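*Asks:* generate coordinates for the sequence data below:
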Amino acid sequence: MRAALFLFATMLWSVATGTASDTAARQAKAQILLQGIFDNGAQVAKAPAGAELPVPRVTIKIEQTPQKDFSLWHVRVQTDAESTFEQTWAMQTRIEHDGSGALIPYYQLHQDAVPTAAAFDAHGWLSLEACALRGEFTATRLQGIAEGEPCVAVSMSVGARRALLPVGFAREGDWLHLDMNLRSVRTRIDAKRSP
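*Replies:* Numbers count the residues shown, from 1 in each chain. This next block holds a predicted model:
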């Protein structure tokens, strides 16, 4: 009987440690795939002239922080020659219990200067768990979307900056596709990775 209990306990421990290492490996791969500088210049150039709501120029710089499961997303939106808006979000990469992936956005209450990855400390940031971008994370493609109503309710505390918060994303090949609520309109941004 003792031998059977020992064998059962050993099997449970093997499964638990194997799952933990698989999760850590998937998180690390997702972080590597996310990093880079992405720009939608090609999308802006192809947009039809004279549109009522032209596609804005968007640049996203994603960099790894010393905390392995966090990255900083520096989002810059230029709606016209005189109007540029910038916001940095911290995104926590997480593998959920069902095997799906999630990016959980965090924000600083008073972001007076551009945060740096080297000085990042998650304790100075507030979670927007209700705006988590949940979906499928594979070795070559990451995608997720936020649930509408819970995210809207929680993101009201962020103020106008919430327009720069991605509410959907797909990362594959050279492309980062973002869904954002710019000017209160759901806008698809197709940004290509810069070399």
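*Asks:* what segments of the chain are strands?
*Replies:* Here the chain has its strands, by DSSP state E, at 36-39, 57-64, 70-80, 83-95, 101-107, 126-127, 133-135, 141-145, 168-172, 175-182, 185-193.
*Asks:* residues touching the last one, excluding its own?
*Replies:* Where contact means Cβ atoms under 8 Å, 6 or more residues apart in numbering, the residues beyond strand 185-193 that reach it are 36-43, 53, 55-56, 58-60, 167, 174-181. Just so you know, the C-beta spots here come from the backbone N, C-alpha and C atoms, and that holds for glycine as well.
*Asks:* so Glu136 touches Ser100, yeah?
*Replies:* Yes - if you go by Cβ atoms under 8 Å, Glu136 and Ser100 touch, sitting 6.3 Å apart.
*Asks:* can you tell me how far Leu126 is from Ile104?
*Replies:* 11 Å (Cβ to Cβ, to the nearest Å).
*Asks:* neighbour count winner among those two?
*Replies:* Ile104 (19 against 13; other Cβ atoms under 10 Å).
*Asks:* re the thing from before, of the strands of the chain, flag the one that's most buried.
*Replies:* strand 101-107 (a mean of 22; mean count of other Cβ atoms under 10 Å).
*Asks:* how far off centre is it?
*Replies:* From the chain centre to the centre of strand 101-107 is a distance of 6 Å (Cα atoms, centre = their mean, to the nearest Å).
*Asks:* got a list of contacts for it?
*Replies:* Here strand 101-107 has contacts from 26, 30, 70, 87, 89-96, 122, 125-129, 131-137, 142, 144, 158, 161, 165-166, 169, using Cβ under 8 Å, 6+ apart.
*Asks:* can we see that at 7 Å?
*Replies:* 30, 89-96, 122, 125-129, 131-137, 142, 144, 158, 165 (Cβ atoms under 7 Å, 6 or more residues apart in numbering).
*Asks:* just checking: what are the partner strands of that strand?
*Replies:* strand 83-95 (antiparallel), strand 126-127 (antiparallel), strand 133-135 (antiparallel) (DSSP bridges).
*Asks:* tell me who's in contact with the closest residue to Thr79 other than its chain neighbours.
*Replies:* In space, Thr79 comes closest to Pro56 once its chain neighbours are excluded; the distance is 4.6 Å by Cβ to Cβ, 6 or more residues apart in numbering. Neighbouring residues of Pro56 by Cβ under 7 Å, 6+ apart: Val77, Gln78, Thr79, Leu182.
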